[in-house]
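A.B. asks: how would this look folded up:
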Amino acid sequence: MKKTVIERCALLGVALLLSGATGRTRAPDGEPTRDVQGHVTLTLTNSQAPLKDASNVVVWLVPLGATANIPNQSGRRAFQMAQHNKSFQPSILVVPIGTAVDFPNLDPWFHNVFSLYQGKRFDLGLYEAGSRRKVLFDRPGASYIFCNIHPQMHAVVMAVDSNYFGISDKMGRVSIPGVPSGSYEMHVWYEQAEPKTLEALDRELVIAEGSRSLPAITLAAVREDPMKHKNKYGEDYDPKDQAPTY
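C.D. replies: Numbering: from 1, shown residues only. Got it, this is the predicted structure:
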């Protein structure tokens with residue numbers, strides 16, 4: 001009996017080593033899942049000159065047909081957008097539709113988080129340091145997030161109809177983790193791109209063991225500056241409201 005236990009432990013150790021060496025997870029049917037890689041290039045609309053910073057482009061894959069029946073293996077994830085150093089962190093957050101996002105205030109002053117322009121509309125009111133609020137993002141698309149006290153605070157929560165998504169880094173690299181092989185529809189979103197440009201990038205593709213790369217994505221940026229906005233009352237921000245205590 002003792003020998004049998006040792007043998008089983010040894011076999012388990014070998015299995016774990018092999019699993020770690022491949023860097024793969026497996027869907028319930030035994031189908032391996034791995035990261036899907038892609039690359040984004042951003043250019044200026046007029047000059048077509050490439051931008052040095054190609055970050056914050058969202059890419060997501062919507063399962064089609066039988067692929068939609070494969071259970072997601074990432075489990076339930078907690079999502080938050082913190083207020084810290086008078087900024088939202090992260091400045092862009094992608095979540096599946098129906099996700100509740102936590103908005104903790106990590107600053108030593110008050111914040112008033114709101115979104116009234118597009119997407120999910122809400123106003124969390126004034127809340128103090130150390131407190132938090134939650135918002136359910138139950139509709140697809142981009143919700144532009146601001147603070148009614150600090151006009152420099154600007155972020156986006158992007159709700160998508162998929163559990164498979166990624167955000168480009170400064171080099172334009174995109175990685176979508178844990179994607180099972182199958183058929184998908186690819187979608188792209190970028191805050192500074194025209195809607196018709198983004199729609200033109202929609203396409204169906206097949207993810208397979210020998211083909212786990214996204215097609216090249218090139219986007220023209222309409223503007224370089226963050227979106228200008230009014231406060232939640234539709235008025236310009238009052239400089240007197242930006243005292244150190246707030």
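
A.B. asks: now do the contacts for M81.
C.D. replies: By C-beta atoms under 8 Å, 6 or more residues apart in numbering, the contact set of M81 is F88, Q89, P90, L93, V101, D102, F103, I145, A155, V157. Where you see a C-beta, it was placed from the backbone N, CA and C, and this is true even at glycine.

A.B. asks: state the distance from it to P239.
C.D. replies: M81 is 26 Å from P239, where distance means C-beta to C-beta, to the nearest Å.

A.B. asks: returning to that earlier point: filter the contacts of M81 down to the buried ones, ChimeraX style.
C.D. replies: In ChimeraX, a selection of the buried entries from those looks like this (16 or more other C-beta atoms under 10 Å):
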select :88,90,93,101,103,145,155,157
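
A.B. asks: so which of the contacts of M81 comes closest to G234?
C.D. replies: When the contacts of M81 are compared for distance to G234 (C-beta to C-beta), I145 wins out at 16.7 Å.

A.B. asks: mind listing the strands the host helix or strand of I207 pairs with, and their directions?
C.D. replies: Taking DSSP states H and E as the definition, I207 sits inside strand 203-207. Sheet pairing of strand 203-207 (DSSP bridges) gives strand 182-189 (antiparallel).

A.B. asks: give the buried residues for whichever helix or strand comes after the partner strand.
C.D. replies: The element immediately downstream of strand 182-189 (helix or strand, assigned by DSSP H and E) is helix 195-199. If you call a residue buried by 16+ other C-beta under 10 Å, then helix 195-199 has these buried ones: T197, L198.

A.B. asks: can you check stretch 57-70 too?
C.D. replies: Under 16+ other C-beta under 10 Å, the buried positions of stretch 57-70 are V57, V58, V59, W60, L61, V62, P63, T67, I70.

A.B. asks: and these, which is closest to R133?
C.D. replies: In terms of C-beta to C-beta, no member of the buried residues of stretch 57-70 lies closer to R133 than V58, at 23.8 Å.

A.B. asks: longest strand anywhere in this structure?
C.D. replies: strand 32-44 (DSSP state E).
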